[in-house]
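*Asks:* structure of the sequence below:
(chains A, B and C)
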Amino acid sequence: MNSSEALSKNAILGAVRGNQPAAQPMPTIPHFHTNKPTDLVATFRESVARMAGVVVTDQVPDLDSFLRAKFPDAKVICSAIPEYAGTIKPASLNHWSEASTIDVSILRSPMGVAETGSILLSDVELQVNTIALLAHDLVVLLDPKQIVANIHDAYDHPYFKLRLYSLLMTGPSGSGDIGGIVVHPAQGAKTLTILLSPAPKAGKPTV
Amino acid sequence: MQIALMVPCYIDMFYPRVGIATLELLERLGVDVVYPKEQTCCGQPMANSGCYEEARATEEHCAQVFGSFDCVVTPSGSCTHHIRNKFTAGADSPERQNLVRNTYDLVEFLHDVLKIREFPWATFEHKVALHSSCSAIRGLNMASMSERVHDQVFSKPRALLSGVPGLEFVEFERVDECCGFGGTFAVTEEAVSAKMGYDKLAFMQKASPDCIVSSDMSCLMHLQGCARRQRQDIPFYHLAEVLNGVSRSVGQS
Amino acid sequence: MSHPVDQAKNAEKFLAEPVHEPRLDKLLWAMRLRRDAAARQVPEWEELRTLASAIKEHTLSNLSEYLIQFETRATANGVIVHWARDSHEHNQIVYDLLAERGANLLVKSKSMLTEECEMRPFLERRGIRVTETDLGERIQQLDDQPPGHIVGPAIHKTNHDVAVLFSQKYGSDPNNEDTAYLAGVMRDNTRPDFLHARVGMTGANFVVAETGAIVVATNEGNADLSANTPELHICSVGIEKVIPTTESLAVFIRLLARSAIGDTITQYTSSFRGPRKGAAMHVILVDNGRSARLGMKRFWHSLKCIRCAACMNTCPVYRRSGGLSYGSTYMGPIGIIMMPTFEIRKYSELPFSSTLNGSCTNVCPVKIDIHEQIYGWREVMEENDQIQVVKKEAMRLADEVLSHPALYQIATTTVSAALEVLPHFAVYNRLNAWGKHREVPEATKETFHEWYKNHRPKRNEVPVP
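*Replies:* Residues are numbered from 1 along each chain as shown, chains lettered A, B, ... in the order given. A predicted model of the protein is given here:
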């Protein structure tokens, strides 16, 4: 920090210290589990649907055929999961902007949230963050056992303290800025499809 | 029991029938009503404009006139709200403290103190659009507010009017949106005030009421002004008039 | 010295619009109802509001410590933290960061703080092209208008307005007013800037002291794109946005989108703790009057604001006036209590753009006593002689008359005399204002006072204690 910014910092902190009201206590924050839904998967599915996302509960025996059938025009499929090759891997991107060439990104999320229908993504899963942002369509694998009840539970996840980028994504990108009517997509992914699929055991590729 | 009757300045000047109905209703219920003749105003119009210096003498006079009574009743939610929650322009005194503690809106007095629910002398076979003022709802907690979605729904004015034989309520949209009066707002932001009044009337009229009733005459003064300008001759009554028994039939203004 | 904004006159112009006012009123009331429906789904809603308010009050009353904690943690994560006392310092820091990279394009997501600092004109005068990437902000930028609402900046515009604007600026089809089509036009025209810009800017909804993270919530994903595609991410944020912990963040996230638009959460709720490999992240902590506001006993609670705009959606005056009528960065109820802290004279009349109905206070997720503060600001304006709209002399006369029963009774003998003395009407000679759209109350043959004298003559005048 240069010397003029140091002056600003001291001025601001001095003013804040001088003006801050008498200290008030921090409340205890409950997790509100008395209102926990009984069927987390069902609640999760309803929440995702409300935000225009799609949850596939049926077993998908072959990921490649599933993707080819769902996205027949896709030329570039970026796979960020070890068990599927796709056409490219995130590591092959030289710049974050190159993710705009991706038609479909396939990722695994370590956590879903029933209350909102959110899935967690971080720089660990994504490797290159923009593969979740610039790709046209997103397919996300999620172990149903990793769905938590509500947002309080969600923020217990260690990623929020450890990862450099953590995204709770809920449905495909949208905007209600024109007339209050929400349309999809806005700037990000056009569709979001979540496949409920148990997390693979470590070191055991399935495809 | 004895109470002092506070008749708000604008009722004194423009709607004395509301003061008369209040007085007669209370007397009918066996209350000994004293009307201190030196009363003028509670100071709200000046205080609400930020002019608390210019409300001082009026508020002190009000405290002096009413401060020795155990119970003061006024047919105005906005005046009650001002006295109970914002009566700070005048110097503090035992009279002022007394007045703050002992002032009731007529609805509160009937509902909570006298606990009256039946008004058998007051047949009113008409459909009523009931308007409750923002002072009554959010200032005095006389009815639940739509913003607080988990609160038990209740309305003291409605509970009272339910005890009038033949009276029916119509339900209308945006039931607790402000009518637009707002005191000096009615003239400082006249266009918006009038539009809010026109809109409120339109929502009420959609439900086809025979008349419009409120426990706050200031709102009704504004709504009636809007209605008459639009050549709507729907009658407006203060709740006191309905509970006391409106002798003339609906349709005459 | 600037003229006070005449919000009432601006509102009158907006009301004259046959289409725009009824549409905005209906749309935002529907948003208020969506908020109600969302709150109904959360049995603990009122408890969340109480918690959110308490967390903010705790943080603001310990703000210096939390700011230092944030700076320490963020710096350890590789973030460069700057401090800006005012809008000029902020804008200069942003410009310097662009200039040292030789960058002349900035993509940014929505930040009311940058509006407050008037950053865009500052940068544009120095040769920087700035692309707003929030759809509503972009519409307003293209139309050379400030935002009209803090969540939906262009919410006052019809689809037709946007179609015409986009056809002029983007060459799209002026006759296609379909919302999805228009959003697509925006997407196609903005993406190239995302891909080429070397510097991206976001604001922040929350700043988490414990982890050194900034949190941004959007529907579009444009903040994530602005932060993750270019090599430099600048985050500008007001010092009041700090919260202590990730655990406390959950309370606010559960309240924010529900209060704003009636959804449980925004599509993208993102935490940025540090730069990507090969990239840089700078956070600018901005004061710009906030530390001063912290010391205002009656008004510091306005710093709890999480910018949800629920107060605007519920405000019956805002919905009839349109956001642009306030002539300010922040509008509606929260604007009324914030703007005077920036420029007291310019915004001296805003506290009168309210009926004090209290709806705002009761939808505010952090329980700011908005309508009480509006009342408080009226007193401040009167104390500082800032008011033209309400004539102090008229009020003084009213107090004189209303504190002397004899004078009062003489004055009220005729309706016209009464109309002059009653302060509602004794306002800046606008007696005729009442009558523009309303009939005046009818003349009565006697006041209540006179009736009582005639009909209850035997009553003892002296009160029985």
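
*Asks:* please count neighbours and contacts with C-alpha atoms only from this point.
*Replies:* Fine.

*Asks:* just give me the neighbour total for the residue in chain A that chain B sits nearest to.
*Replies:* Of all residues in chain A, the one sitting closest to chain B is A:N35 (14.7 Å; C-alpha to the nearest C-alpha). Per other C-alpha atoms under 10 Å in any protein chain shown, the neighbour tally for A:N35 reads 12.

*Asks:* do you know how far the closest residue to it other than its chain neighbours is from A:S3?
*Replies:* Leaving out its chain neighbours, the residue that sits closest to A:N35 by C-alpha to C-alpha, 6 or more residues apart in numbering or on different chains is C:P43, at 7.6 Å. Between C:P43 and A:S3 the computed distance is 51 Å (C-alpha to C-alpha, to the nearest Å).

*Asks:* so what's C:H3 up against?
*Replies:* Contact partners of C:H3, counting by C-alpha atoms under 8 Å, 6 or more residues apart in numbering or on different chains, are C:345-346.

*Asks:* from C:S348, how far off is it?
*Replies:* Separation of C:H3 from C:S348 (C-alpha to C-alpha) stands at 9 Å.

*Asks:* just the pLDDT for C:I284.
*Replies:* Listed pLDDT for C:I284 reads 98.

*Asks:* between C:P43 and A:S3, which has more neighbouring residues?
*Replies:* C:P43 (14 against 8).

*Asks:* which stretches of the stretch 51-200 of chain B form strands?
*Replies:* With strands called from DSSP state E, counting those that start in this stretch, the stretch 51-200 of chain B shows them at B:72-74, B:103-105, B:127-131, B:168-169.

*Asks:* which among those is found nearest to chain A?
*Replies:* When the strands of the stretch 51-200 of chain B are compared by C-alpha to the nearest C-alpha, strand B:127-131 sits nearest chain A, at 29.9 Å.

*Asks:* what about that closest one, distance to the chain center?
*Replies:* In terms of C-alpha atoms, centre = their mean, to the nearest Å, the gap separating the centre of strand B:127-131 from the centre of its chain is 14 Å.

*Asks:* what's the first helix or strand after it?
*Replies:* helix B:134 (DSSP states H and E).

*Asks:* low-scoring stretches of the chain, by residue?
*Replies:* All of this refers to chain A. In the predicted model of chain A, residues A:202-207 satisfy pLDDT under 70.

*Asks:* that answer is for a different chain, and I need it for chain C
*Replies:* Answering for chain C: the residues below the bar, that is pLDDT under 70, span C:1-2, C:389-390, C:414-432, C:460-465.

*Asks:* could you list the domains of it?
*Replies:* Split into domains by automatic domain parsing, chain C comes to C:1-19+C:28-36+C:302-389, C:42-288, C:392-455.

*Asks:* who touches C:E71 in this structure?
*Replies:* Contact partners of C:E71, counting by C-alpha under 8 Å, 6+ apart, are C:81, C:209, C:212.

*Asks:* need those residues in JSON lines with distance to B:V246, neighbour count and secondary structure, can you?
*Replies:* Rendered in JSON lines, the data for these read as follows (distance: C-alpha to C-alpha, whole Å; neighbours: other C-alpha atoms under 10 Å in any protein chain shown; DSSP: H, G, I helix; E, B strand; the rest coil):
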{"residue": "C:V81", "distance to B:V246": "72", "neighbour count": "19", "secondary structure": "strand"}
{"residue": "C:A209", "distance to B:V246": "65", "neighbour count": "24", "secondary structure": "coil"}
{"residue": "C:G212", "distance to B:V246": "68", "neighbour count": "26", "secondary structure": "coil"}
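
*Asks:* return the closest of those with respect to C:G335.
*Replies:* C:A209 (26.8 Å; C-alpha to C-alpha).

*Asks:* the closest residue to that closest one other than its chain neighbours: neighbour count?
*Replies:* In space, C:A209 comes closest to C:F70 once its chain neighbours are excluded; the distance is 4.0 Å by C-alpha to C-alpha, 6+ apart. C:F70 has 24 neighbours, counted by other C-alpha under 10 Å.

*Asks:* wait, a helix at C:F70?
*Replies:* Yes. Checked against DSSP: H, G, I helix; E, B strand; the rest coil, C:F70 lies within a helix.

*Asks:* show me the contacts for it.
*Replies:* The neighbours of C:F70, taking C-alpha under 8 Å, 6+ apart as the test, are C:207-213.

*Asks:* out of the residues you listed, which is nearest to A:L162?
*Replies:* Using C-alpha to C-alpha, C:T211 is the member of the contacts of C:F70 that lies nearest A:L162, at 8.3 Å.

*Asks:* isn't that closest one up against C:T72?
*Replies:* No. The pair C:T211 and C:T72 fails to qualify as a contact (C-alpha atoms under 8 Å) at a distance of 9.4 Å.

*Asks:* neighbour count: the two, which is higher?
*Replies:* Regarding C:T211 and C:T72, a neighbour count based on other C-alpha under 10 Å identifies C:T211 as having more, with 24 against 17.

*Asks:* what secondary structure does that one sit in?
*Replies:* With three-state DSSP as the basis, the three-state label of C:T211 is coil.

*Asks:* enumerate every residue touching it.
*Replies:* Residues counted as contacts of C:T211 (C-alpha under 8 Å, 6+ apart) are A:161, C:70, C:73-74, C:245-246, C:273.

*Asks:* all strands for chain C, in order.
*Replies:* Listed in chain order, the strands of chain C (DSSP state E) span C:80-84, C:105-108, C:129-132, C:199-202, C:206-208, C:213-218, C:232-238, C:242-243, C:268-272, C:280-286.

*Asks:* in its sheet, what does the second one sit against?
*Replies:* Sheet pairing of strand C:105-108 (DSSP bridges) gives strand C:129-132 (parallel), strand C:199-202 (parallel).

*Asks:* what does that strand contact?
*Replies:* With C-alpha under 8 Å, 6+ apart, strand C:105-108 has contacts from C:128-134, C:193-194, C:197-202, C:222-223, C:226.

*Asks:* mind putting the strands paired with strand C:105-108 into CSV with mean neighbour count?
*Replies:* Putting the strands paired with strand C:105-108 into CSV (neighbours: other C-alpha atoms under 10 Å in any protein chain shown) gives the following:
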stretch, mean neighbour count
strand C:129-132, 21
strand C:199-202, 27
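
*Asks:* tell me which parts of the stretch 251-400 of chain C are close to chain B?
*Replies:* Contact residues, the stretch 251-400 of chain C versus chain B (C-alpha under 8 Å from any C-alpha of the partner chain): C:316-317, C:320-321, C:352-359, C:362-363, C:375-382, C:389-390, C:392, C:395-396, C:398-400.

*Asks:* right, and the residue nearest to A:N35 touches B:H150 too?
*Replies:* Yes. C:P43 is in contact with B:H150 according to C-alpha under 8 Å; the separation is 7.3 Å.

*Asks:* counting neighbours, what do you get for B:A91?
*Replies:* 12.

*Asks:* so what's it up against?
*Replies:* For B:A91, the contacting residues are B:56, B:60, by C-alpha under 8 Å, 6+ apart.

*Asks:* next one: the one 3 residues further on
*Replies:* When the contact criterion is C-alpha under 8 Å, 6+ apart, the partners of B:P94 are B:G67.

*Asks:* ok, what's across the strand from the nearest residue to A:Y165 once chain neighbours are set aside?
*Replies:* Take A:Y165 and drop its neighbours on the chain: the residue closest to it by C-alpha to C-alpha, 6+ apart is C:F272, 4.9 Å away. Beta-bridge pairing of C:F272, defined through DSSP bridges, involves A:Y165, C:I214.

*Asks:* so what's B:C219 scoring on pLDDT?
*Replies:* You'll see B:C219 listed with a pLDDT of 97.

*Asks:* one more: the one 10 residues further on?
*Replies:* At B:R229 the predicted local confidence, pLDDT, stands at 92.

*Asks:* so C:A103 makes contact with C:V199?
*Replies:* Yes. With contact taken as C-alpha under 8 Å, C:A103 and C:V199 are classed as touching, separated by 7.1 Å.

*Asks:* what about C:A37, distance to B:Q152?
*Replies:* Note on C:A37: its distance to B:Q152, by C-alpha to C-alpha, is 16 Å.

*Asks:* which of these two has more residues huddled nearby?
*Replies:* Neighbours were counted for C:A37 and for B:Q152 using other C-alpha under 10 Å; C:A37 has more, 15 against 10.
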